[in-house]
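K.L.:
can you look at this prediction? I've put the sequence above it.
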Amino acid sequence: MQQAQPPPTGRGGNSIFVKDDKLYSYGGWNSETQFTNLIVFDLNTCEWSDPDIFNGVARWNHSSCMVEAIPSWKYFIFGGESTDFGEGQPRSFGSCVNTSCFMDLAAMKWQEISPEDDERPCPREYAAMSYDERDRRLLVFGGWNNGWLNDLYALDVSKIVGPSYAITDIDPPLGQISGGVPITIKGVGFKEMNIKVYFTSGNQPSESISKNAVDVPGQFVSETEMTALTPDFRAFGDKREAIIQLTIQGGDLTTTYVPFSFFLDTKAEKSLCHGPGVQEENCLNEQTEFIIQARNENEENRASGRDNFKIVIKTREEEPEEIPYEIEDTQDGKYFVRYTVTKECAVDITVKYEDKPDKWLTLRGSPYSATFTADAKPDANSLVGQAMVKAIQKKIEEMQVFMKETSEGTSVKNKDLSDVKALLAVKDKVELVQN
């Protein structure tokens with residue numbers, strides 16, 4: 001083979017595998033040094049490269065096996081001979097080892113394998129190794145360690161390789177804590193069998209089904225897509241983060257996962273609308289707008305979108321005309337509603353929120369109203385126009401009057417506390433402030 005550049009330093013005892021038109025060489029040694037890195041030969045360009053991927057101490061004469069896994073292949077290493085010759089020291093035989101590791105070909109990073117028990121083969125080199133796809137385990141046979149060996153060992157790597165299906169993406173990645181949000185799950189290897197989607201509280205995936213998980217059925221769409229409805233997550237209290245994994249036909253949980261976030265539900269009675277589109281004296285033939293601010297039960301502004309709102313804008317006249325509108329979800333809890341009126345009139349605006357599928361609740365303050373006049377300037381329809389400035393000033397004045405009246409009403413100074421009517425009046429003012 002004609003190479004585009006000089007080859008790397010010669011070596012023996014290394015292992016080689018091929019994936020996606022690239023040849024990979026790992027480990028090995030020669031009379032001068034030993035190798036712990038991975039070098040790559042591009043079969044298309046005939047060029048060598050060294051991606052600086054190292055794996056602890058050097059090893060050679062090891063066993064290796066490439067395993068197809070989802071979503072990325074794994075390259076397993078077992079045993080071999082290993083040592084760390086000091087600079088200038090004479091070369092001699094190393095020591096056999098019985099450790100295992102693997103490389104994820106997507107991450108291109110080595111990871112050690114720690115068996116769950118102490119039972120493992122004795123150190124050896126030149127062993128044969130293969131992969132049992134049915135039981136997802138590595139089979140190691142024989143080898144040499146001061147004599148030829150004739151034993152067989154199996155290493156369960158199912159938690160590394162994972163099942164024949166995987167989850168890769170979800171949309172949307174968040175939803176209300178009461179559940180019922182339709183989600184689309186992307187992945188590979190899906191089958192039209194019994195699918196369970198698990199939401200595990202926290203930010204770490206599980207190797208097995210956890211008591212901190214709740215499951216919902218998945219609906220098969222294709223080998224790469226399924227749908228589901230999110231679960232009610234309120235039982236987990238203030239915990240709002242979850243990891244999504246799945247099983248098919250009672251198999252293992254996916255080794256891949258995606259995060260999901262829950263938020264407190266939007267509450268129609270806490271949410272509100274503001275802007276020129278729900279104020280007086282808008283300009284004709286100019287687009288006006290108002291903002292829906294979604295809020296939760298704690299009266300906190302929502303920080304994400306995807307709520308559903310239904311809006312009806314009608315002229316206030318004998319034969320009402322419905323005005324078309326458009327709504328923009330800015331994905332931060334705000335929704336901009338825009339519409340245009342072409343004649344002098346007043347309009348009534350009803351805003352409803354979809355609390356549950358096909359269950360619509362009227363927003364706080366709805367129905368709203370707005371008026372349109374030929375005398376108004378286009379600036380009146382702007383969120384930062386003079387009309388909004390005047391509306392805010394008016395609200396401030398109304399608030400000041402309210403505060404003064406309620407302050408006087410709730411004060412017991414100079415009042416006859418033996419007078420029941422006076423006490424009831426104070427009570428009414430206190431309740432007004434609370435509401």
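P.N.:
Received the coordinates, thanks. Keep in mind that what you see is a predicted model, and the values were worked out from it rather than measured.

K.L.:
give me the three-state assignment for residue 180.
P.N.:
Under DSSP: H, G, I helix; E, B strand; the rest coil, residue 180 falls in the coil class.

K.L.:
tally of neighbours for it?
P.N.:
15 (other C-beta atoms under 10 Å). To be clear about C-beta, it is placed using only N, CA and C from the backbone, and glycine gets the same treatment.

K.L.:
for the nearest residue to it once chain neighbours are set aside, give the beta-bridge partners.
P.N.:
Leaving aside its sequence neighbours, residue 180 sits nearest to residue 229 (C-beta to C-beta, 6 or more residues apart in numbering; 5.6 Å). Beta-bridge partners for residue 229, by DSSP bridges, are residue 182.

K.L.:
now do residue 229 against residue 177, distance only.
P.N.:
Distance of residue 229 to residue 177, computed by C-beta to C-beta, to the nearest Å: 14 Å.

K.L.:
comparing those two, which shows the higher neighbour count?
P.N.:
Just comparing residue 229 and residue 177: by other C-beta under 10 Å the higher neighbour count belongs to residue 177, 22 against 16.

K.L.:
would you agree that one is in contact with residue 266?
P.N.:
No. Judged on C-beta atoms under 8 Å, residue 177 makes no contact with residue 266 at a distance of 10.8 Å.

K.L.:
can you map out the helices along the protein?
P.N.:
158-161, 386-410, 420-434 (DSSP state H).

K.L.:
what's the average pLDDT for the last one?
P.N.:
Put plainly, it is helix 420-434. Summarised as a single mean, pLDDT over helix 420-434 is 60.

K.L.:
now do the strand ranked longest in the chain: everything it contacts.
P.N.:
Longest among the strand segments of the chain by residue count, using DSSP state E, is strand 345-356. The contact list for strand 345-356 (C-beta atoms under 8 Å, 6 or more residues apart in numbering) reads 180, 265-266, 268, 271, 273, 277-278, 290, 292, 294, 307-317, 323, 341, 360-363, 366-372.

K.L.:
which of those count as buried?
P.N.:
265-266, 268, 271, 273, 277-278, 290, 292, 294, 307, 309, 311, 313, 315, 323, 341, 360-361, 363, 366, 368, 370, 372 (16 or more other C-beta atoms under 10 Å).

K.L.:
what separation do you get for the residue nearest to the spatial centre of the chain and residue 231?
P.N.:
Note on the chain: the residue nearest the mean C-alpha position is residue 259, at 3.7 Å, using C-alpha atoms, centre = their mean. Distance of residue 259 to residue 231, computed by C-beta to C-beta: 15 Å.

K.L.:
just to revisit the earlier point, quick check, pLDDT for the closest residue to the residue nearest to the centre of the chain other than its chain neighbours.
P.N.:
Leaving aside its chain neighbours, residue 259 sits nearest to residue 243 (6.1 Å; criterion: C-beta to C-beta, 6+ apart). For residue 243, the pLDDT comes out at 96.

K.L.:
ok, residue 243 - contacts?
P.N.:
Residue 243 makes contact with 199, 200, 202, 203, 204, 205, 206, 257, 258, 259, 260 under the criterion C-beta under 8 Å, 6+ apart.

K.L.:
give me the distance between residue 327 and residue 337.
P.N.:
Counting by C-beta to C-beta - residue 327 and residue 337 are separated by 5 Å.

K.L.:
identify the residues contacting residue 41.
P.N.:
22, 23, 24, 25, 47, 48, 49.

K.L.:
bridging across strands, which residues link to it?
P.N.:
With DSSP bridges as the rule, residue 41 is bridged to residue 23, residue 48.

K.L.:
and what of residue 247?
P.N.:
Residues in a beta bridge with residue 247, per DSSP bridges, are residue 196.

K.L.:
burial count for it?
P.N.:
There are 20 residues near residue 247, going by other C-beta under 10 Å.

K.L.:
just checking, it touches residue 191?
P.N.:
No. Using C-beta under 8 Å, residue 247 is not in contact with residue 191; the gap is 11.3 Å.

K.L.:
list only buried entries from the contacts of residue 243.
P.N.:
For the contacts of residue 243, buried by 16+ other C-beta under 10 Å: 199, 200, 205, 257, 258, 260.

K.L.:
tell me which of the residues you listed is nearest to residue 185?
P.N.:
Nearest to residue 185 out of these is residue 258 (C-beta to C-beta; 7.9 Å).

K.L.:
give me the distance between the closest one and residue 236.
P.N.:
18 Å.

K.L.:
same deal with residue 255?
P.N.:
Residue 255 is 23 Å from residue 236, by C-beta to C-beta.

K.L.:
cool, residue 174 as well?
P.N.:
15 Å.

K.L.:
residue ranges with poor pLDDT in the stretch 1-150 of the chain?
P.N.:
Residues of the stretch 1-150 of the chain meeting the criterion pLDDT under 70: 1-4, 84-93.

K.L.:
for residue 369, which non-adjacent residue is closest in space?
P.N.:
In this structure, residue 369 finds its nearest non-sequential neighbour in residue 348, 5.6 Å apart by C-beta to C-beta, 6+ apart.

K.L.:
that neighbour - how many residues pack around it?
P.N.:
For residue 348, the neighbour count with other C-beta under 10 Å is 15.

K.L.:
so what's residue 120 closest to, chain neighbours aside?
P.N.:
The nearest residue in space to residue 120 (C-beta to C-beta, 6+ apart) is residue 98, at 5.6 Å.

K.L.:
how deep is that neighbour tucked in, by neighbour count?
P.N.:
17.

K.L.:
who's in contact with it?
P.N.:
Residue 98 makes contact with 78, 79, 120, 121, 122, 123, 124, according to C-beta under 8 Å, 6+ apart.

K.L.:
just the ones of the buried ones among the contacts of strand 345-356 in strands?
P.N.:
Using DSSP E, the buried ones among the contacts of strand 345-356 in strands are 273, 290, 292, 309, 311, 313, 315, 360, 361, 368, 370, 372.

K.L.:
make CSV from those residues and add distance to residue 110 and pLDDT to it.
P.N.:
Shown next, in CSV, are those (distance: C-beta to C-beta, whole Å; pLDDT from 0 to 100):
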residue, distance to residue 110, pLDDT
273, 57, 94
290, 57, 95
292, 52, 96
309, 51, 96
311, 57, 97
313, 62, 97
315, 70, 96
360, 56, 96
361, 55, 97
368, 62, 96
370, 65, 95
372, 69, 95
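
K.L.:
among these, which two are most distant?
P.N.:
361 and 372 (28.0 Å).

K.L.:
could you chop the protein up by domain?
P.N.:
Here the domain parsing of the chain from automatic domain parsing is 15-161, 166-263, 272-384, 397-434.

K.L.:
okay, how far is it across the longest one, tip to tip?
P.N.:
When you say that, I think you mean domain 15-161. End-to-end span of domain 15-161 (C-alpha to C-alpha, to the nearest Å): 20 Å.

K.L.:
that concludes my questions; thank you for your assistance.
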